[in-house]
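Q: need a structure here:
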Amino acid sequence: MVNGKFSVAGLTFWRRFLGGWPLAVAALATCWISLFDELHREWSVNPQYDYGYVVPLLGAVLLWRRWPERPSPSAGNSVLMGWVAAASLFWLLPLNLFFQANPEWRLLYWFHGLLVLILSFCLLYRAGGWNWAGFFAPPLVFMVIAIPWPTGLEQAVIQHLMRFVAGLTVGVVGWLGIPAMQHGNLIEVGTGVVGIDEACSGVRSLQSALMLSLFLGEIYRFSARRRAALVGTSLICVILANVVRTSFLTWVAAQHGLKQMEAWHDDAGLIVMAIVLPGLFGLGHLMKPKLRKHSPGAVDPHHALPVMPYWVAISVFAWIGLAGAITEGWYRIHERDLVPNTPWTVAWPTQADHFQKAAVPEQSLAILRCSDSTAATWADDEGNLWSAFFLRWNAGKNSAQLAFGHRPDICYPAAGERLVKDYGRITVSAGGIHLPFSYQTFQNGSRLMHVFYCLWSDRVPPEGEAVPGNSTWKSRWQAVLAGQRNLGQQVLEVDVLGPETGDAAVSSFRRELPRLILPE
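A: Just a heads-up that it's a prediction; the model follows:
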């Protein structure tokens, strides 16, 4: 009988105080997990964002800390907020369609994050009105820090920061009596050239410091002014610490050679992180205001939540499943019409003068997520100097947009090269295959480099050409309409130094390319 009373009491409590809320929270958690599942692919390959793995856990801790102090609920227009939630859920379908064709497009990450945030605020509004939505906003917004910056913004910050750090480093080592000259994000010393990459510029530690300073600001419940001061101070400290690091590495390169500098490169980075991150904890503690008691939450622990019908959460789960099924069906239907493109690979001219195998930097490979890569340099009979790299993406979680991310107009300006002229597209025949190449020239000082770039898809529509993967809005939209996703592709870039005119470079390239292309 006692057990029966407890069972009836428990059932009454469930119906009165919880109702469909556990299922609604589970539906919202599913949306967050879906977002983090997309983001973890970026976290796993890009060292700049590997801190993302701890962000969901830290966000959950911040929410848990705020829960006992939640304010009294306020009334609101639940019908209007319901329509906002329904509109947000609708956009999950076009989001899925675009993400399948453009899995590396970071604007989709941000759009997805915005939708999940809106759904979270809608649920909080339903439970406690604007009081709850505003109270729990800081830890929810904090989790957005796990989303990678939009590529354009990130590249602009990286390029400016690398040049800024390189300029400061040249000044520091010059004060130490070491002659140095800056070329973009490169520093030339007597023993060679030191590259200021993303790690050396402080971008990686800067983003980690940004995440940590925002977390500390919430943990200590800083005011908006204190939070801004903590973020600003942490960013300045990171930049100064990395200037010290790059100055030390440049000094090592000038005094002991580039090999010794490379041996110190990673250790110096770890030392910087070991100083900066604990320093931020100390800084946050020093900035902490005088201890004050937080007023306990004004919510009655037995306060009944507004009714949450079961059908709401069930509808969310059903729509998520339906959106996934529609997306998969759309691409399956269109993929049936694709035909294999002519396969080919690269046969390096190992017998050429000064032939030497090279390697694409590991950081570039991690960001590009390619399946295979090879590179080489050599000289021809006319004395022209050639270099080339061949990147391969197998069919899977990638897109032509991703392959197009490693193109000359992005990479060469980072090394101080200036785009002189874009000749557009040329077609070169090799091994019976007609290959489309974009042709550009770059200059740094007196050097004129001719660059030829080809992106080749494994499968194409029957009319013979896949959607161009040039990372524009138009090409991304066209990829969705054409149902093109997970297409295997490869990139061949060939650079030549020596020809003085564009016509001479194209003629030399037409003679050299047949030596490289091997039909499969």
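
Q: name the SS class of Pro349, please.
A: Look at Pro349: counting by DSSP: H, G, I helix; E, B strand; the rest coil, its state is coil.

Q: just for the stretch 351-500 of the chain, where's the confidence low?
A: Along the stretch 351-500 of the chain, the parts satisfying pLDDT under 70 run over 360-368, 396-407, 409-411, 413-416, 444-445, 463-471.

Q: now the chain
A: Counting by pLDDT under 70, the ranges of the chain that qualify are 1-19, 195-204, 290-304, 360-368, 396-407, 409-411, 413-416, 444-445, 463-471.

Q: need the phi and psi values for the nearest residue in space to Asp372 that is not next to it in sequence.
A: In space, and not counting its chain neighbours, Asp372 is closest to Arg392: 4.2 Å by CB to CB, 6 or more residues apart in numbering. Where you see a C-beta, it was placed from the backbone N, CA and C, and this is true even at glycine. Dihedral pair for Arg392: phi -130, psi 130, per degrees, to the nearest 10.

Q: Tyr439 and Val428: what is the separation?
A: 10 Å (CB to CB, to the nearest Å).

Q: which helix or which strand is home to Thr30?
A: Assigned by DSSP states H and E, Thr30 belongs to helix 21-45.

Q: buried residues in that helix?
A: Under the neighbour-count criterion of 16 or more other CB atoms under 10 Å, helix 21-45 has 21, 23-24, 27-28, 31-32, 34-36, 38-39, 42-43 buried.

Q: I'd like those residues written out as CSV, with distance to Leu481 added.
A: Formatted as CSV, the buried residues of helix 21-45 follow (distance: CB to CB, whole Å):
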residue, distance to Leu481
Trp21, 40
Leu23, 36
Ala24, 35
Ala27, 30
Leu28, 32
Cys31, 26
Trp32, 30
Ser34, 24
Leu35, 25
Phe36, 29
Glu38, 22
Leu39, 26
Glu42, 26
Trp43, 30
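
Q: nearest to Pro148 among those?
A: Taking CB to CB as the measure, Pro148 lies nearest Glu42 of those, at 5.1 Å.

Q: how about the closest one, what does it touch?
A: Applying CB atoms under 8 Å, 6 or more residues apart in numbering, we find Glu42 in contact with Tyr49, Gly52, Glu104, Arg106, Tyr109, Pro148.

Q: repeat that for Leu513.
A: Shown in contact with Leu513 (CB under 8 Å, 6+ apart): Val428, Ala430, Leu435, Val494.

Q: show me what the host helix or strand of the first one is packed up against.
A: This points to Val428. For Val428, the host element (DSSP H and E) is strand 418-430. Applying 3 or more CB pairs under 8 Å, 6 or more residues apart in numbering; DSSP states H and E, we find strand 418-430 packed against helix 408-414, strand 433-444, strand 447-457, helix 502-516.

Q: deepest of those, which one?
A: strand 447-457 (a mean of 20; mean count of other CB atoms under 10 Å).

Q: what about Ala376, distance to Phe389?
A: Distance of Ala376 to Phe389, given as CB to CB: 8 Å.

Q: quick check: Trp110 touching Ile147?
A: Yes. With contact defined as CB atoms under 8 Å, Trp110 counts as touching Ile147 (5.8 Å).

Q: excluding its backbone neighbours, what's nearest Pro343?
A: Glu520 (4.1 Å).

Q: circling back: list residues touching both of Ala376 and Phe389?
A: In contact with both Ala376 and Phe389: Ala358, using CB under 8 Å, 6+ apart.

Q: related to what we said a few turns ago, make JSON lines out of the contacts of Glu42 and add secondary structure.
A: Output for the contacts of Glu42, formatted as JSON lines (three-state DSSP):
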{"residue": "Tyr49", "secondary structure": "helix"}
{"residue": "Gly52", "secondary structure": "helix"}
{"residue": "Glu104", "secondary structure": "coil"}
{"residue": "Arg106", "secondary structure": "helix"}
{"residue": "Tyr109", "secondary structure": "helix"}
{"residue": "Pro148", "secondary structure": "coil"}
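
Q: ok, so of those, who is nearest Tyr331?
A: Glu104 (16.7 Å).

Q: got phi/psi on the closest one?
A: Note on Glu104: its backbone torsions stand at phi -100, psi 0 [degrees, to the nearest 10].

Q: burial count for it?
A: Per other CB atoms under 10 Å, the neighbour tally for Glu104 reads 23.

Q: sorry, back to before: for Tyr439 and Val428, list the residues in contact with both.
A: With CB under 8 Å, 6+ apart as the test, Tyr439 and Val428 both reach Phe452.

Q: which one is Val252 nearest to, not counting chain neighbours?
A: Residue nearest to Val252 in three dimensions, not counting chain neighbours: Met261, with 4.6 Å by CB to CB, 6+ apart.

Q: which helices and strands does the helix or strand encompassing that neighbour pack with?
A: Assigned by DSSP H and E, Met261 belongs to helix 258-287. The elements that helix 258-287 packs onto, with contact taken as 3+ CB pairs under 8 Å, 6+ apart, are strand 192-195, helix 198-201, helix 203-219, helix 224-256.

Q: tell me the most buried of those?
A: Buried most deeply of the helices and strands packed on helix 258-287, by mean count of other CB under 10 Å, is helix 198-201, with a mean of 24.

Q: and the helix holding Thr30, how far from the chain's centre?
A: Chain-centre distance of helix 21-45: 17 Å, with CA atoms, centre = their mean, to the nearest Å.

Q: contacts only, for the residue nearest to Pro343.
A: Pro343, Trp344, Thr345.

Q: how about Trp330?
A: Contacts here follow CB under 8 Å, 6+ apart; on that basis Trp330 touches Leu97, Gly483.

Q: for it, give me phi and psi.
A: Torsion angles at Trp330 (phi, psi; degrees, to the nearest 10) stand at phi -60, psi -50.

Q: and the contacts of Glu42, which is closest to Asp422?
A: Using CB to CB, the contacts of Glu42 come closest to Asp422 at Glu104, 24.1 Å.

Q: any idea how far Ala482 is from that closest one?
A: Using CB to CB, we find Glu104 at a distance of 18 Å from Ala482.
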